[in-house]
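Student: The following block contains a protein sequence and its predicted model.
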Amino acid sequence: EPALRGITHETAGLLGARGAVAYVPLTPAPVAAHNPSPVFTPAELQAVWQVVEAGRQVLLSQHDTPGLLPAQVEHALIESIQLRGSSAALLVAYNKPGGFGAPDRKLLHAIAEHAGAQIDNARLHREALTRERLQTEMDLARRVQVQLLPERPPRVPGLDLFARSVPALDVGGDFFDFIAAPD
């Protein structure tokens with residue numbers, strides 16, 4: 001989300017638009033970042049996503065598509081952001097005084113390409129942090145499990161006792177212990 005907020009701020013500023021929104025339709029919960037403040041509802045962003053995903057339009061206006069855009073959005077220039085893999089997101093700039101022209105389309109396309117790299121980097125960083133946290137938790141679980149196992153078998157005259165636990169991965173689910181009985 002911080003990367004998306006920065007992208008929307010720069011998009012609105014570079015295009016001279018009154019606002020911008022970035023929308024990533026993640027499952028189970030989509031993520032949206034608005035600049036300066038939320039104008040699109042989640043349902044409106046989903047509707048715009050479906051229009052752009054179908055490849056029908058990149059420039060929408062209240063006049064041409066009544067009911068699709070929020071009431072306070074007169075016109076919107078929309079660009080798809082390609083992300084790693086087959087996923088995509090949207091970058092929407094809206095309400096530029098005088099409207100959007102061909103140079104704005106080219107600029108928004110360039111911003112979207114750069115934004116895709118930023119979003120991918122942020123996602124990769126988040127995934128690396130998640131992997132690191134999981135690895136730390138697995139190391140802790142492995143140490144706890146090893147501490148629960150006896151360090152060595154007891155000495156019992158006439159018996160040779162051996163035991164070993166080898167987990168398939170970092171942590172196994174098997175435990176053992178030696179318990180001396182009175183007989």
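Tutor: That came through fine. Residues are numbered from 1 along each chain as shown.
Student: what about the residue nearest the centre of the chain, distance to Pro97?
Tutor: Residue closest to the average C-alpha location in the chain (C-alpha atoms, centre = their mean): Arg123, at 5.3 Å. When distance is defined by C-beta to C-beta, to the nearest Å, Arg123 is 34 Å away from Pro97. (Glycine included, C-beta is placed from N, CA and C.)
Student: Report the secondary structure state of the residue nearest to the centre of the chain.
Tutor: What DSSP: H, G, I helix; E, B strand; the rest coil gives for Arg123 is helix.
Student: isn't it right up against Arg84?
Tutor: Yes. Using C-beta atoms under 8 Å, Arg123 is in contact with Arg84, at 7.2 Å.
Student: for this structure, what spans make up the strands?
Tutor: Under the criterion DSSP state E, the chain contains strands at 19-24, 31-35, 59-61, 75-82, 88-94.
Student: List the strands paired with the shortest one, with their directions.
Tutor: Strand partners for strand 59-61, identified by DSSP bridges, are recorded as strand 75-82 (antiparallel).
Student: Return the distance of the partner strand from the chain's centre.
Tutor: 19 Å (C-alpha atoms, centre = their mean, to the nearest Å).
Student: May I have that strand as PDB, with CA atoms only?
Tutor: Written as PDB, here are the backbone C-alpha positions of strand 75-82 (Å, rounded to 0.1, in the frame of the first residue of the first chain):
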ATOM      1  CA  HIS A  75     -13.500  11.700 -17.000                       C
ATOM      2  CA  ALA A  76     -10.800   9.200 -16.200                       C
ATOM      3  CA  LEU A  77      -7.700   7.900 -18.100                       C
ATOM      4  CA  ILE A  78      -7.100   4.300 -17.200                       C
ATOM      5  CA  GLU A  79      -4.000   2.200 -17.800                       C
ATOM      6  CA  SER A  80      -3.400  -1.500 -17.000                       C
ATOM      7  CA  ILE A  81      -0.300  -2.200 -14.900                       C
ATOM      8  CA  GLN A  82       1.300  -5.500 -15.800                       C
END
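Student: gap between Leu159 and Lys106?
Tutor: 83 Å.
Student: for this structure, what are the low-confidence residue spans?
Tutor: Applying pLDDT under 70 to the chain flags residues 54-57, 85-87.
Student: That one: helices as residue ranges?
Tutor: 2-15, 42-53, 102-148 (DSSP state H).
Student: Quick check: buried residues in the first one?
Tutor: So the one you mean is helix 2-15. By neighbour count on 16 or more other C-beta atoms under 10 Å, the buried set for helix 2-15 is 3-4, 6-8, 10-12, 15.
Student: Closest to Ala29 out of those?
Tutor: Ranked by distance to Ala29 (C-beta to C-beta), the buried residues of helix 2-15 are led by Leu4 at 13.8 Å.
Student: how close does the closest one get to Ala122?
Tutor: 8 Å.
Student: what is the closest residue to His109 other than its chain neighbours paired to in the beta sheet?
Tutor: Take His109 and drop its neighbours on the chain: the residue closest to it by C-beta to C-beta, 6 or more residues apart in numbering is Glu79, 5.7 Å away. With DSSP bridges applied, the residues forming beta bridges to Glu79 are Leu91.
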